[in-house]
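> For reference, the sequence and a predicted model appear below.
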Amino acid sequence: MNSVAKIRKDLEGCIGKKVILKANKGRKKTSVREGILESAYPNLFVVRISNQYDSIRRVSYTYSDVLTSTVEVTVIDDIDKEINVS
C-alpha cells in the first residue's frame, strides 16, 4: 500500500478526535496546535482549532506533509492514549 494512502486511511478513521499538530515552519521554527480533526479529503485533511479568544480557525495540511515529516500528527484517543500517525 502507498504510504500516502495509508496515512489518509489512518486519519479518516480518526475524524472527530482531538489531535495535536506539530508543524515545522522552517528556520528552526515549529508551532504546536491542538484541535479536532474535522474532515479528510482525497488530497488534504482539515483540523478545527479554537483559541483563547473563542475564535475558530481551520487549518489544512496535505498527507505528503505528514509523509515528509513537515507536520507531525498525534491523535488523542478517548482514554487519553496518544497515537502517532506517520
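Great, that's in hand. Note that the structure is predicted; figures quoted are calculated from it, not measured.
> Okay, now the unreliable bits of the chain?
1-2, 78-84, 86 (pLDDT under 70).
> tell me how far the strand ranked longest in it is from the chain's mean position?
Across the chain, the longest stretch assigned as strand under DSSP state E is strand 29-40. Per CA atoms, centre = their mean, to the nearest Å, the displacement of strand 29-40 from the mean C-alpha position of its chain is 5 Å.
> Mind giving me the packing neighbours of it?
Here strand 29-40 is seen to pack against helix 3-12, strand 18-26, strand 44-50, strand 56-62 when contacts are counted using 3 or more CB pairs under 8 Å, 6 or more residues apart in numbering; DSSP states H and E. Heads up, the C-betas are built off the backbone N, CA and C, glycines and all.
> hey, which of those is tucked in deepest?
Among the helices and strands packed on strand 29-40, strand 44-50 has the highest mean neighbour count (mean count of other CB atoms under 10 Å), at a mean of 17.
> so how far is residue 29 from the residue in the chain sticking out farthest from the centre?
Relative to the C-alpha centroid of the chain, counting by CA atoms, centre = their mean, residue 53 is the outermost residue, at 21.6 Å. According to CB to CB, to the nearest Å, residue 53 stands 22 Å off from residue 29.
> for residue 16, same thing?
Distance of residue 16 to residue 29, computed by CB to CB: 30 Å.
> List the buried residues of stretch 62-70.
Neighbour counts using 16 or more other CB atoms under 10 Å place 62-63, 65-66 of stretch 62-70 among the buried residues.
> which outside residues touch that stretch?
Under the criterion CB atoms under 8 Å, 6 or more residues apart in numbering, residues 3-4, 7-8, 11, 23-24, 43-45, 61, 71-73, 85-86 lie in contact with stretch 62-70.
> again, but for stretch 9-25
So stretch 9-25 is contacted by 30-40, 45, 47, 59, 61, 63, 65-66, 69-78, 83, 85 (CB under 8 Å, 6+ apart).
> which residue is nearest the centroid of this structure?
residue 73 (4.4 Å).
> element containing it, please.
If you go by DSSP states H and E, residue 73 is part of strand 71-76.
> mind listing what that strand pairs with, with the direction of each?
Strand pairing for strand 71-76, determined by DSSP bridges: strand 18-26 (antiparallel), strand 82-85 (antiparallel).
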